[in-house]
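Q: Could you look at this predicted model? Sequence included:
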Amino acid sequence: MHHDNKMPVLPQFASAVEQKQREFELSLARTAYNYMFSYLDPLPISADVPEGESFTLDYNAQLLKVFLPLADNFKAVIVALLESELLNDLPQEGLALLHDIETTFAKFEADKEHHKYIKEGKDIVHLMGLLAQVPKTLVPSVKGISRLPKDVVTIITGLEKVFAEFEREGFTAFLKNTLFDMLTIDGKRNYLQASSLGDYQDLYKKTAKPFNLSIPIKPWMTVTDELKISEQDWYFGYMQIGGFNTTNLKGVVSEPLTPSSTNNAVSLLKLLEKFPITDEVLQSVTGQKELTLQAAAQAGTLYVCDYSMFDGLKGSEIHNLKRYVTAPIALFYWNETPPQGYPPQASLQPIAIQLGQQYDAETMPIFTPNDCTNNNDPDRTKWQVAKLSVQNACAIQHETVAHLGACHLTIEPMVIAANRQLSQQHPIMVLLKPHFRFTLDINNGAIHSLIVPGGVVDSLVGTDHSSSCQLIVDAYNHWRFDEQFPDVLFTIRGVEKDRLAEFPFRDDTLLLWQAIQSFVESYLSLYYQGDTVSKQQKMLADKELQSWINEMVNSRRAAVKGMNGLSDSVDGSKQIDDFDYLVKVISLIIYTASAQHASVNYAQYPLMTYIPSVTGALYAPPPNRSQTLSQTDFIKWLPPLDVSLYQVSFGYLLSSVQYDILGYYNQHHRYHYFADERVEPLLAKFQLTLKQIEVEITERNRQRPLAYKSQLPSMIPNSISI
């Protein structure tokens, strides 16, 4: 059974009446779908959220289910923070403040029937009631307490502001830092400073602990406390290939490289100019006395994460606390016989870390796990800080570039271009529409919440606003479409299978890439039929397709760079006449919106919310050689508990909403999304392939040190919808 979807057809095969109607509808679409360049120039983003692109009732219902435990956890942690600080009898003025809180919530109770979401479900009422219990919880919590923090007034006004924004914008208003600002105070903030790492473990009172705090102990591990697993060197190495952001690892090669966008590996000679590690250091850390850097590079076992893009960026200040930015270089070795404490199979072993781009023996030394570089680090505290700093750079690059830039802001102009040039009856538009679902709406929330001055990104990451934007723009300027094909990208980075034997993200995502390509090829072949020449003729006669391609590459439209598979037409415009390239283009759009986005989005809560493992901001400068540190000093680099709670809450929200499942397009099981019945067997084959991939990845995870779940097809939505 099908909905009222019209049969898809190429424009040249539509009747004259249908062609005229399509042209009229597209002219209307061009008034609704438009670009804006002034916000993050030169990035094009949508000027608005057109009708039909907004979140639906069922989407908001899913979001509600996630928001309830999130809000409950936020409340519980706030109460716990207050309880831990307030010790004696509550003064009269404190009682008055609590009365003000009760009055504020009574007002919300009285006004709830006016909340626009009431029409969309009674669960909204339940949520408001849940949040309104905050004062009732605070009253017994603070009885017998002598001092109330100055921010209770801020909590009152903050909650009122939050609810007002829910009324206007829905639950994604939480992406703003209104709740975060509830804990802003003037003056003392001592009660928000962690006194031990245990304080960070207490941020999950109503939510499950993240994955990296519940990793099962295995026989080869040298720790018996699961809370300490994420501090281990093997874990740090594994994060580069099976963690929350695997986009930064590159191969180190021995031969000099000529600058080329098609070879993004790192020259050993160039690396040593700024990072003068020696063979002796490599031998000491690996325990392999004959090993040299040159030999490792030639053998394809030397890898680096070089965060040179952070060089010169500025740190931010929030709540009168300065945050610091590093531009670290981390060297890794693929060790077939790793030392004790590593998985018994080959592992990516961290060798050395330098926290800036230019070595200095005193101020910017090279840290190692065994302090063989003599940096006054007998208990490995500086090494732990160095690893934390690398993870911090990785997290900032994740939020700004790998997640926001390479996924959300990459797909957004493509959504606009498609709607401006492809009719709703065009087969390509029919295929892409589920992969564009809600992207403009979620991105609109990001524009007004994530990347505004004082927004989420500013609150959570250590770079100031201009530096965060610079990261996004610089990455955009270097991004090229054809270099993003997964079967090309890993080779460009020097981390292909022939070099790096194990790379969970690479190995799993290539399965998905192949499956998507196969489905797209079979789907497009239904409409661009025949031999190579026939396909080419149909593509060239498809005016909507050609207009879309030209809109994609137009620097004042979608501004997609690096589509080298296009050819020049006689009138000087671009054209697409290669069917295989068209398959790749459509496949990459689908892959980016689904598998690639899932790899960075859904790892946030599991792997990015235990703050001593991954922090968005560093609160102390890099240690130097002479400085003496002990294990108790490590906490100085970590954020206050309110910033940490916001990082936890933000990660939980973004990692917990999955609207649909890759390859499953029906909104109702009795209705088929595709009106063309010829698609059904192709879709069934695609879904079967995805199930087989699920089985294969699950089996792979049994053999891995940590299960890598971000590319399980069942955990990937069709679109960037959160």
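A: Nice, I can see it. This structure is a prediction, so every number in the text was calculated from the model and none was measured. Numbers count the residues shown, from 1 in each chain.
Q: which intervals of the stretch 1-150 of the chain have sub-threshold pLDDT?
A: Residues of the stretch 1-150 of the chain that meet the criterion pLDDT under 70 lie in 1-5, 82-150.
Q: swap in the chain?
A: Scanning the chain with the threshold set as pLDDT under 70 gives 1-5, 82-191, 256-262.
Q: care to break it down by domain?
A: Using automatic domain parsing, the domain parsing of the chain gives 57-192, 219-390.
Q: what's the first-to-last distance across the shortest one?
A: Spelled out, it's domain 57-192. Length of domain 57-192, first residue to last, C-alpha to C-alpha, to the nearest Å: 38 Å.
Q: what does the longest one give?
A: Length of domain 219-390, first residue to last, C-alpha to C-alpha: 28 Å.
Q: How about stretch 255-267?
A: End-to-end for stretch 255-267, by C-alpha to C-alpha: 7 Å.
Q: burial of Ala16, as a residue count?
A: Under the neighbour criterion other C-beta atoms under 10 Å, Ala16 is assigned a count of 7. In this view, the C-beta of every residue, glycine as well, is placed from N, C-alpha and C.
Q: mind checking how far it is from Ser27?
A: Noted for Ala16: a distance of 17 Å to Ser27, by C-beta to C-beta, to the nearest Å.
Q: what do you get for Val570?
A: 26 Å.
Q: for Asn419, same thing?
A: Between Asn419 and Ser27 the computed distance is 12 Å (C-beta to C-beta).
Q: Asn444 too?
A: Separation of Asn444 from Ser27 (C-beta to C-beta) stands at 24 Å.
Q: Buried residues of the helix ranked longest in the chain, list them for me.
A: The longest helix of the chain (DSSP state H) is helix 57-85. For helix 57-85, the neighbour count (16 or more other C-beta atoms under 10 Å) marks 59-60, 62-64, 66-68, 70-82, 85 as buried.
Q: any idea how far it is from the chain center?
A: 21 Å (C-alpha atoms, centre = their mean, to the nearest Å).
Q: Show me what that helix is packed against.
A: Here helix 57-85 touches helix 123-131, helix 134-142, helix 641-656, going by 3 or more C-beta pairs under 8 Å, 6 or more residues apart in numbering; DSSP states H and E.
Q: how does it look with 10 Å?
A: Judged by 3 or more C-beta pairs under 10 Å, 6 or more residues apart in numbering; DSSP states H and E, helix 57-85 is in contact with helix 123-131, helix 134-142, helix 152-169, helix 178-181, helix 198-201, helix 641-656.
Q: so how far is Asp580 from Lys289?
A: 51 Å.
Q: between the two, which one's more packed in?
A: Using other C-beta under 10 Å as the criterion, Lys289 and Asp580 rank with Asp580 on top: 12 against 9.
Q: Which SSE is immediately downstream of the helix or strand harbouring the more buried one?
A: Take DSSP states H and E as the rule and Asp580 turns out to sit in helix 579-591. Next helix or strand after helix 579-591 toward the C-terminus (DSSP H and E): helix 597-601.
Q: Only C-alpha atoms, please: export that following helix in PDB.
A: Taking Å, rounded to 0.1, in the frame of the first residue of the first chain, the C-alpha atoms of helix 597-601 are listed here in PDB:
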ATOM      1  CA  HIS A 597      27.200  11.800  11.200                       C
ATOM      2  CA  ALA A 598      26.400   8.900  13.400                       C
ATOM      3  CA  SER A 599      30.000   8.100  14.000                       C
ATOM      4  CA  VAL A 600      30.600  11.500  15.600                       C
ATOM      5  CA  ASN A 601      27.200  12.300  17.100                       C
END
